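Engineer: Here is a sequence together with a model predicted from it:
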Amino acid sequence: MKTLIQLILTLCLSGLAARAQNPPPRPPPLVSPEFAEQRVTFRLCAPQAKLVTLRGQWSKAAVPMTRDDDGVWSATVEPAPAGVWEYSFDVDGLLVLDPSNPTLKPGRDLQRSILHIPATPPAVWDWQDVPHGTVHQHGYASKVAGRRRELWVYTPPGYEGNSATKYPLLVLLHGSGDNHKTWVEHGKAHWILDNLLAQGKARPIVVVMLDGHTLGVWPRGDESKRAAAMEAFRRELLEEGLPLVESLYRVEKDAAHRAIAGLSMGGGQALTIGLGDLDRFAWIGSFSAAPSDAAVAQKFLAAPELANAKLRLLWIGVGKDDFLRVRNEEFVAELTEKGIRHEWQLTEGDHSWPVWRRYLAEFAPRLFIEPQ
């Protein structure tokens, strides 16, 4: 019996060794997206799928994909428009990432891959051969959140080599589907600022980006929960985030050198925190903003002389097709009625990142420049 068992083991090991030495051929990895001149081809291996379409931010219409004999679905977009786009595959009604593309849109859930097609000549959010700043990552134990949290800090080119200069600070906030990484990895805020500096259109500044979900996913519909989330984020920013940045970076601390701006949820946070603390922030940017705290807004609107004395810039922008357009127009009408100085931009576009990149490129050159 022992001899038989030994023989079986020997045969099994010999077979495994032979397969290890002569493995079956592996199919070549899928390339997706694949660029060729002005064409981009997308591919997904899904042999059991019945219907697959490509959903890209550059078009409202889904693009049908075709299946080959190996179960690989493909579609080609031609011409491919320049821009930084989100896309995903709709597989029998389920949205999935492109598994062949490592570049993902960061956020509280991962549902979209990123396609970046540089423009000719390069757009302000494209990488260009100019001096570049640095993005720093910091973790900290948040007492407000009761857990480990992160923030990212951008320092402009030349920061490390100039130990005497102090810089203005911008707090830059994201939307409800995003996190503290999104303004860099998808919004290209660091490249926008690098390029504006190289063109002489903006001042060098330090930027801090926090995760706006202090208590977890931002609540919807429940006013009390939303107020609690807003207050928790306000405390985390003012009691933990800003002191951390001030301890590590050479930043000015007065309101004249402090700005806060954000998009969607982050726009509501920027308005609530900025309008509620004009002794700390004199520059405020609202990009397609969600509503601010009602009590803060009413207190601000009730003192127009104080607002005009302390605010250097209140910049508000929203797209014509944005679902938050009416809310922003109502707020702008209140500002106009009260005589509070502001800048209002009603632009092309909807509630999406192509709009918000453009807003940052327009807002940043206005920062820390004395009004004429």
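Structural biologist: Nice, thanks for sending it over.
Engineer: what sits against residue 80?
Structural biologist: Each residue near residue 80 by CB atoms under 8 Å, 6 or more residues apart in numbering is listed here: 35, 38-40, 58, 115, 117. To be clear about C-beta, it is placed using only N, CA and C from the backbone, and glycine gets the same treatment.
Engineer: Could you pick out the buried ones from those residues?
Structural biologist: Among the contacts of residue 80, those buried by neighbour count (16 or more other CB atoms under 10 Å) are 40, 58, 115, 117.
Engineer: what sits against residue 297?
Structural biologist: 271-272, 275, 331.
Engineer: please redo it, this time with the cut-off set to 6 Å
Structural biologist: Not one residue lies near residue 297 by CB atoms under 6 Å, 6 or more residues apart in numbering.
Engineer: swap in residue 273?
Structural biologist: residue 234.
Engineer: Quickly note the distance from it to residue 283.
Structural biologist: 13 Å (CB to CB, to the nearest Å).
Engineer: what helix or strand does residue 350 sit in?
Structural biologist: Under the criterion of DSSP states H and E, residue 350 resides outside all helices and strands.
Engineer: My read is that it contacts residue 320, right?
Structural biologist: No - the pair residue 350 / residue 320 is not scored as a contact, 8.2 Å apart, by CB atoms under 6 Å.
Engineer: what about these two, which has more around it?
Structural biologist: residue 350 (16 against 10; other CB atoms under 10 Å).
Engineer: three-state assignment of the nearest residue to the more buried one once chain neighbours are set aside?
Structural biologist: Excluding the flanking residues, the one nearest residue 350 by CB to CB, 6 or more residues apart in numbering is residue 321, at 4.1 Å. Taken by DSSP: H, G, I helix; E, B strand; the rest coil, the conformation at residue 321 corresponds to coil.
Engineer: Let me know the pLDDT of residue 321.
Structural biologist: pLDDT, residue 321: 97.
Engineer: Residue 319 and residue 349 touch, don't they?
Structural biologist: Yes - using CB under 6 Å, residue 319 makes contact with residue 349 at a distance of 3.5 Å.
Engineer: okay, these two: which has more neighbours?
Structural biologist: The neighbour comparison of residue 319 against residue 349 (other CB under 10 Å) goes to residue 319, with 24 against 18.
Engineer: check contacts around that one.
Structural biologist: Counted by CB under 6 Å, 6+ apart, residue 319 has contacts 347, 349-350, 355.
Engineer: Among those residues, which one lies nearest to residue 144?
Structural biologist: Nearest to residue 144 among the contacts of residue 319, counting by CB to CB, is residue 355 at 31.0 Å.
Engineer: Show only the entries of the buried ones among the contacts of residue 80 found in helices.
Structural biologist: Of these, none are assigned to helices by DSSP state H.
Engineer: residues touching the residue positioned nearest the centre of the chain, list them.
Structural biologist: By CA atoms, centre = their mean, the chain has its centre lying nearest to residue 182, at 2.7 Å. Going by CB under 6 Å, 6+ apart, residue 182 touches 106, 174.
Engineer: Low-confidence ranges, the stretch 1-150 of the chain, go.
Structural biologist: Low-confidence segments of the stretch 1-150 of the chain (pLDDT under 70): 1-27.
Engineer: That one: helices as residue ranges?
Structural biologist: Counting by DSSP state H, counting those that start in this stretch, the stretch 1-150 of the chain has helices at residues 2-21.
Engineer: Any idea how far apart the tips of stretch 308-325 sit?
Structural biologist: Distance across stretch 308-325, first residue to last, is 24 Å (CA to CA, to the nearest Å).
Engineer: Report the distance from it to the chain centre.
Structural biologist: 19 Å (CA atoms, centre = their mean, to the nearest Å).
Engineer: sorry, back to before: of all the contacts of residue 319, which two lie farthest apart?
Structural biologist: Farthest pair in the contacts of residue 319, by CB to CB: 347 and 350, 10.3 Å.
Engineer: so who does the nearest residue to residue 33 once chain neighbours are set aside touch?
Structural biologist: The shortest distance from residue 33 to any non-neighbouring residue, by CB to CB, 6+ apart, is to residue 40 (4.9 Å). Contacts of residue 40 were listed using CB under 6 Å, 6+ apart, and they are 33, 77, 80.
Engineer: Alright, that wraps it up for me.
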